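A.B. asks: Sequence plus the predicted model coming up.
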Amino acid sequence: MHEIARAKPVPPRRRFTPTESLEAAAARGWPAREQATLGDWLLRATDGWTQRANSALAIGSPDLPTPDAIDFVQQWYRQRSLIPALSIPVPLFQRLDDELERRGWTAMPTTQVMTVSLPTLLTALSGHAADTSPTTSPAAAPPGTPPSAAAPPRQADDASPTTSPSAAAQPGQPASFTDQDGTSPAISPSATTPSAASDGPSFAEDEPETAGSPGGRIELATEPSAEWLSAVAGRKGPLPDSARHVLTAVPNVRFAQWYDEQGTLLATARGCVADDESRWLGLSLIGVDERMRRRGLAQRLIAALAEWAVTLGARDAYLQVEQRNTAAVALYSRLGFTVHHIYSSRRLLTD
């Protein structure tokens, strides 16, 4: 006689909250080379390049008791010679953050996720970027192609406070980009001190755009050019091969770059639309040469990416910025961004 076991019905998984849904969309827009799941949690590893691509995202349920889930994350990263790291939306998962604090996980700078509707953003930007229509190239210029031979860029934002409007970068002079996305360049076991944790834009100064914005051209490319990658590497450290996966493994992504009239790359940004509903434009890696700050270049790049995203049906935009970067928060607030939620980033820097 066969024994018939009474099956216990499995309750349906709860629906994500708006915070969790946005975090999931952002994760799709910044895809780690290696990913694994623990219940709803997403474990990500990319040779230590950026916090987001090398941390476990705590959303939904890990299907384990919290202590066991933390132990699993710790072991998973140790096996890959990476520092265990977790990104925790708070206060939604405040108890998890408290448990990590109790266990000695180091808190990194708190990150704000800010959002805005694209119509609101474009209206706010219209006063900053009178001419944002970019040249869209099907692909970036081959490595070694002079900037002047690449698809042309148009105007762009953020300039040096000591640079007069006429003091543009000189031909042949290497660009020195200000990091606009405040993230730790690597998360390897050798990193023993906290550094910035977010991967979103972060402007260095809260100053208005100066008069006399320089002429130039914006290019939106489907692949990052060698110059674009070099500019990002200058701010975030050397890019491992796996970093290219993070940047490009999204069906709808554009790499914005602004060149001056001499063909020198002076501003960069990345935009993607990665969620299933094509609702969200994710903005990241916005950087401007230090000599060209306070010129409206970043606003122009953002406007070009926003206009592109609208053609895909996107309705809203998000970015991530460190809460302590009050200048950046003030700038984005002026553009209509508001705080959607915050998340805590923690790393286990000791055994």
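C.D. replies: In hand now; what should we look at?
A.B. asks: Could you verify that residue 340 is part of a strand?
C.D. replies: Yes - judged by DSSP: H, G, I helix; E, B strand; the rest coil, residue 340 forms part of a strand.
A.B. asks: all strands of the stretch 151-300 of the chain, in order?
C.D. replies: Using DSSP state E, counting those that start in this stretch, the strands found in the stretch 151-300 of the chain span residues 177-178, 216-221, 253-260, 265-272, 280-289.
A.B. asks: Any chance of those strands in TSV with mean neighbour count and distance to residue 246 as columns?
C.D. replies: Quick note: C-beta positions are derived from backbone N, CA and C, even for glycine. Below are those laid out as TSV (neighbours: other C-beta atoms under 10 Å; distance: least, C-beta to C-beta, whole Å):
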stretch	mean neighbour count	distance to residue 246
strand 177-178	22	19
strand 216-221	25	17
strand 253-260	26	11
strand 265-272	29	10
strand 280-289	28	10
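A.B. asks: To residue 66, which of those lies closest?
C.D. replies: Comparing those by their distance to residue 66 (C-beta to C-beta), the top pick is strand 280-289, with 29.1 Å.
A.B. asks: that older thread, which one, of the strands of the stretch 151-300 of the chain, ends up nearest to residue 53?
C.D. replies: When the strands of the stretch 151-300 of the chain are ranked by proximity to residue 53 (C-beta to C-beta), strand 280-289 comes first, at 11.3 Å.
A.B. asks: could you say what helices and strands the closest one packs with?
C.D. replies: helix 18-28, strand 177-178, helix 226-236, strand 265-272, helix 297-311, strand 316-322 (3 or more C-beta pairs under 8 Å, 6 or more residues apart in numbering; DSSP states H and E).
A.B. asks: Including mean pLDDT, could these go into a markdown table?
C.D. replies: What follows is these, written out as a markdown table (pLDDT from 0 to 100):
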| stretch | mean pLDDT |
| --- | --- |
| helix 18-28 | 98 |
| strand 177-178 | 43 |
| helix 226-236 | 90 |
| strand 265-272 | 95 |
| helix 297-311 | 96 |
| strand 316-322 | 96 |
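A.B. asks: Among those, which comes closest to residue 122?
C.D. replies: Counting by C-beta to C-beta, and looking across all of the helices and strands packed on strand 280-289, nearest comes helix 297-311 at 5.5 Å.
A.B. asks: Now do that closest one: distance to the chain's middle.
C.D. replies: For helix 297-311, the distance between its averaged C-alpha position and the chain's averaged C-alpha position is 15 Å (C-alpha atoms, centre = their mean, to the nearest Å).
A.B. asks: Just the CA atoms of it, as PDB, please.
C.D. replies: Output in PDB follows, covering the C-alpha atoms of helix 297-311 (Å, rounded to 0.1, in the frame of the first residue of the first chain):
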ATOM      1  CA  LEU A 297      27.700  70.000 -19.400                       C
ATOM      2  CA  ALA A 298      26.300  67.300 -17.100                       C
ATOM      3  CA  GLN A 299      22.800  68.800 -17.500                       C
ATOM      4  CA  ARG A 300      23.100  68.600 -21.300                       C
ATOM      5  CA  LEU A 301      24.200  65.000 -21.100                       C
ATOM      6  CA  ILE A 302      21.300  64.100 -18.800                       C
ATOM      7  CA  ALA A 303      18.900  65.900 -21.200                       C
ATOM      8  CA  ALA A 304      20.200  63.900 -24.200                       C
ATOM      9  CA  LEU A 305      19.800  60.600 -22.300                       C
ATOM     10  CA  ALA A 306      16.400  61.600 -21.100                       C
ATOM     11  CA  GLU A 307      15.200  62.400 -24.600                       C
ATOM     12  CA  TRP A 308      16.500  59.100 -25.800                       C
ATOM     13  CA  ALA A 309      14.800  57.200 -23.000                       C
ATOM     14  CA  VAL A 310      11.400  58.800 -23.800                       C
ATOM     15  CA  THR A 311      11.600  57.300 -27.300                       C
END
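A.B. asks: which of the helices and strands packed on strand 280-289 sits most buried?
C.D. replies: For the helices and strands packed on strand 280-289, average neighbour numbers computed from mean count of other C-beta atoms under 10 Å are highest in strand 265-272, which has a mean of 29.
A.B. asks: Specify the angle between it and helix 297-311 in degrees.
C.D. replies: 30 degrees (axes from the mean of the first three to the mean of the last three C-alpha atoms, to 10 degrees).
A.B. asks: What strands line up against strand 265-272, and which way round?
C.D. replies: Sheet pairing here is set by DSSP bridges, and for strand 265-272 it gives strand 253-260 (antiparallel), strand 280-289 (antiparallel).
A.B. asks: could you dump those strands to CSV with distance to residue 272 and mean pLDDT?
C.D. replies: Below are those laid out as CSV (distance: least, C-beta to C-beta, whole Å; pLDDT from 0 to 100):
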stretch, distance to residue 272, mean pLDDT
strand 253-260, 4, 96
strand 280-289, 5, 93
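A.B. asks: between the ones you listed, which one is nearest to residue 237?
C.D. replies: strand 280-289 (13.2 Å).
A.B. asks: Report the helix or strand with the lowest average pLDDT across the chain.
C.D. replies: Taking mean pLDDT, DSSP states H and E as the measure, the chain has strand 177-178 as its least confident helix or strand, at a mean of 43.
A.B. asks: Just the pLDDT for residue 89.
C.D. replies: At residue 89, the predicted lDDT confidence score is 97.
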